[in-house]
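Trainee: What follows is a predicted structure for the sequence shown.
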4 protein chains.
Amino acid sequence: MHVIVDFQVIPMGVGVSVSKYVAECEKIVIAAGLERSLHAFGTNISGPWDEVMACVKRCHERLHEMGAPRIASALKIGTRVDKPQTMQDKLDSVNTQLDAD
Amino acid sequence: MHVIVDFQVIPMGVGVSVSKYVAECEKIVIAAGLERSLHAFGTNISGPWDEVMACVKRCHERLHEMGAPRIASALKIGTRVDKPQTMQDKLDSVNTQLDAD
Amino acid sequence: MHVIVDFQVIPMGVGVSVSKYVAECEKIVIAAGLERSLHAFGTNISGPWDEVMACVKRCHERLHEMGAPRIASALKIGTRVDKPQTMQDKLDSVNTQLDAD
Amino acid sequence: MHVIVDFQVIPMGVGVSVSKYVAECEKIVIAAGLERSLHAFGTNISGPWDEVMACVKRCHERLHEMGAPRIASALKIGTRVDKPQTMQDKLDSVNTQLDAD
């Protein structure tokens, strides 16, 4: 089962700046060879369900290893069986509607 | 790694009423023997990471089997290594503050 | 427009324990006279759109006043025009399905 | 109070393809003159709290006018009082960490 997710990670108890933790998660996704796209509130990740979820777990494990005592993350999960769809397809379908006006 | 999650599932393309799909997910969590608490926007689930995430995957698979062509779900994931904490502990820590006033 | 929301607030830069901030938000919702139901990952709130959203804004303002330098909150928003629906209706429609088995 | 949000809108009961509804929301944000950045699971929007929230409300109203009987949206809300921060600043702080390796 293919999945596109949006993953946001918030380490708690490590102060107000969390970019080094977010960057570490990016490295984990990059190392896994998964397609990703960073935005201001998280990262879109696309790939096989088990590989994507293994990354999410690895991010929690790694951030705890880095010293974060508590982690709150949010994962939006999209699956569909009616047709294949990439992250870019999703953007294109909206932008095409915008351009049509 | 122990995890407490909040899981919301939205099947798309099956009409406006989705309670039978939400109920099916509840059954999957119950069958897995995991602690759960339903609320108006999802379900809190508590347990070992791999068991909880297997339920989430099974929910997506089962809802597609039931005919949902597309699923959007949202998962909030909480882990902490500083102390054990149950779902009830989280509620109690807030309610104690409220009662103190 | 009536709305049912699920509101989770995460103050950042204030340490690992955040229950006093969550409790403060509960007090704001209670003071506003809105129907609410606390769970382990947030609070369901029901009421007129503008009143509910005024509470959400007041929570951010109040938590900053209490010393939180940064706040990440998450709000799920449900509106429907096909029929009125309470928070309890949503729970009942799922639980009825579960009891039917 | 300045805010950066991530807004995802899911119209229910209108079939499996929802891009025209998402595009309509984009138009509302564009018309409001707010900074925005579309990604595969929503849109980042930056601006004054009241203006951003007025857009969110207008999106719900407009999608119901277009025929969506039910809407589930998700809004991540970020505010901070320790320093000003743009959407681009958030991306830069992560990407700088990645480039440092």
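Mentor: Right, received. Where do you want to start?
Trainee: What residues does chain A have near chain B?
Mentor: Proximity of chain A to chain B, by Cβ under 8 Å from any Cβ of the partner chain, involves residues A:1, A:13, A:49, A:53, A:56-57, A:60-61, A:64, A:69-82. Where C-beta positions appear, they are placed from N, C-alpha and C, glycine not excepted.
Trainee: Quick check: which of the residues you listed are also close to chain D?
Mentor: When Cβ under 8 Å from any Cβ is applied, the members of the residues of chain A next to chain B adjacent to chain D are A:74, A:76, A:78, A:80, A:82.
Trainee: Inside strands: which ones of these?
Mentor: By the criterion of DSSP state E, membership of those in strands covers A:74, A:76, A:78, A:80.
Trainee: Relative to chain C, which of those residues is nearest.
Mentor: Distance to chain C across these (Cβ to the nearest Cβ) is lowest for residue A:74, with 6.3 Å.
Trainee: All the strands of chain A, residue numbers only.
Mentor: Per DSSP E, chain A has strands spanning A:2-12, A:35-39, A:42-48, A:70-80. These are given in chain order.
Trainee: Switch these over to CSV; also include distance to chain C, mean pLDDT and mean neighbour count.
Mentor: Conversion of the strands of chain A to CSV gives the following (distance: least, Cβ to the nearest Cβ, whole Å; pLDDT from 0 to 100; neighbours: other Cβ atoms under 10 Å in any protein chain shown):
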stretch, distance to chain C, mean pLDDT, mean neighbour count
strand A:2-12, 6, 98, 23
strand A:35-39, 15, 97, 18
strand A:42-48, 11, 98, 21
strand A:70-80, 5, 98, 23
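Trainee: want to try TSV for those strands, with distance to residue C:95 as columns?
Mentor: Conversion of these to TSV gives the following (distance: least, Cβ to Cβ, whole Å):
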stretch	distance to residue C:95
strand A:2-12	29
strand A:35-39	37
strand A:42-48	33
strand A:70-80	24
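Trainee: okay if I get the ones in strands among the ones next to chain D among the residues of chain A next to chain B as a markdown table plus distance to residue C:99?
Mentor: Output for those, formatted as a markdown table (distance: Cβ to Cβ, whole Å):
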| residue | distance to residue C:99 |
| --- | --- |
| A:74 | 31 |
| A:76 | 30 |
| A:78 | 31 |
| A:80 | 31 |
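Trainee: nearest to residue B:91, of these?
Mentor: Closest approach between these and residue B:91, by Cβ to Cβ: residue A:74, at 20.0 Å.
Trainee: Run through the bridge partners of that closest one.
Mentor: residue A:8, residue B:76 (DSSP bridges).
Trainee: Looking at the ones in strands among the ones next to chain D among the residues of chain A next to chain B, which is nearest chain D?
Mentor: Taking Cβ to the nearest Cβ as the measure, chain D sits nearest to residue A:76 out of these, at 5.2 Å.
Trainee: doesn't residue A:5 make contact with the closest one?
Mentor: Yes. In this structure, residue A:76 sits in contact with residue A:5. The criterion is Cβ atoms under 8 Å, and the distance is 6.2 Å.
Trainee: From chain C, how far out is the residue lying closest to residue A:19 once chain neighbours are set aside?
Mentor: Leaving aside its sequence neighbours, residue A:19 sits nearest to residue D:93 (Cβ to Cβ, 6 or more residues apart in numbering or on different chains; 3.9 Å). In this structure, residue D:93 lies at 13 Å from chain C, with Cβ to the nearest Cβ, to the nearest Å as the measure.
Trainee: Equivalent analysis for residue A:69, please.
Mentor: If you measure residue A:69 against chain C using Cβ to the nearest Cβ, the figure is 5 Å.
Trainee: With residue A:88 instead?
Mentor: 26 Å.
Trainee: tell me the contacts of that residue?
Mentor: Contact analysis of residue A:88 by Cβ atoms under 8 Å, 6 or more residues apart in numbering or on different chains lists residue D:40.
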